[in-house]
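Trainee: Provide a 3D model corresponding to the input given below.
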Amino acid sequence: MDSPATPHPTDPHASWRTWVPGQRVVVRRRVPTGGYTDVLGHLLAVGDDGVVVDTRRGPEAVAAADIALGKIVPPPPAPRRPRRG
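Mentor: Numbers count the residues shown, from 1 in each chain. From the prediction side, this is the model:
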């Protein structure tokens with residue numbers, strides 16, 4: 001029996017199942033119109049049904065069936081100092 005933290009052997013692209021809440025991730029999700037959109041933020045929850053990502057607009061749930069790709073990403077760059085001119 002698979003645990004929620006181990007990838008399903010029948011789904012080689014399900015590396016998101018091994019993620020840990022608190023990590024910064026990007027998830028490419030399928031949309032009903034046939035395209036894709038990205039969800040970027042810190043992972044709040046992960047389970048067999050999908051993930052919840054804390055984005056700039058608030059928490060966003062992504063169903064497992066809608067996840068096309070995903071990866072852990074580095075922290076955002078530090079804010080730039082304003083130019084003087």
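Trainee: Just the buried residues of the helix or strand of the chain with the lowest mean pLDDT, please?
Mentor: Least confident helix or strand of the chain, by mean pLDDT, DSSP states H and E, is strand 67-72 with a mean of 95. With burial defined by 16 or more other Cβ atoms under 10 Å, the residues of strand 67-72 counted as buried are Ile67, Gly70. Every residue, glycine included, has its C-beta placed from N, CA and C.
Trainee: So what are the sheet partners of it and their directions?
Mentor: strand 24-30 (antiparallel) (DSSP bridges).
Trainee: any idea which helix or strand comes after the strand ranked longest in the chain?
Mentor: If you go by DSSP state E, the chain has its longest strand at strand 36-47. Using DSSP states H and E, the next helix or strand after strand 36-47 towards the C-terminus is strand 50-55.
Trainee: returning to what we had before: if I take the least confident helix or strand of the chain and strand 50-55, what angle do their directions form?
Mentor: 60 degrees (axes from the mean of the first three to the mean of the last three Cα atoms, to 10 degrees).
Trainee: May I have stretch 28-36 as PDB, with CA atoms only?
Mentor: C-alpha atoms of stretch 28-36 as PDB (Å, rounded to 0.1, in the frame of the first residue of the first chain):
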ATOM      1  CA  ARG A  28       1.400  23.700 -13.800                       C
ATOM      2  CA  ARG A  29      -2.300  22.900 -13.900                       C
ATOM      3  CA  ARG A  30      -4.600  21.900 -16.800                       C
ATOM      4  CA  VAL A  31      -7.600  24.300 -17.300                       C
ATOM      5  CA  PRO A  32     -10.900  23.400 -18.900                       C
ATOM      6  CA  THR A  33     -10.200  25.400 -22.000                       C
ATOM      7  CA  GLY A  34      -7.400  23.000 -22.900                       C
ATOM      8  CA  GLY A  35      -4.500  25.200 -21.800                       C
ATOM      9  CA  TYR A  36      -2.400  25.400 -18.700                       C
END
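Trainee: can you give me the mean pLDDT across it?
Mentor: Here stretch 28-36 scores 95 as its mean pLDDT.
Trainee: Show me which positions of that stretch end up buried.
Mentor: Buried residues in stretch 28-36 (16+ other Cβ under 10 Å): Arg29.
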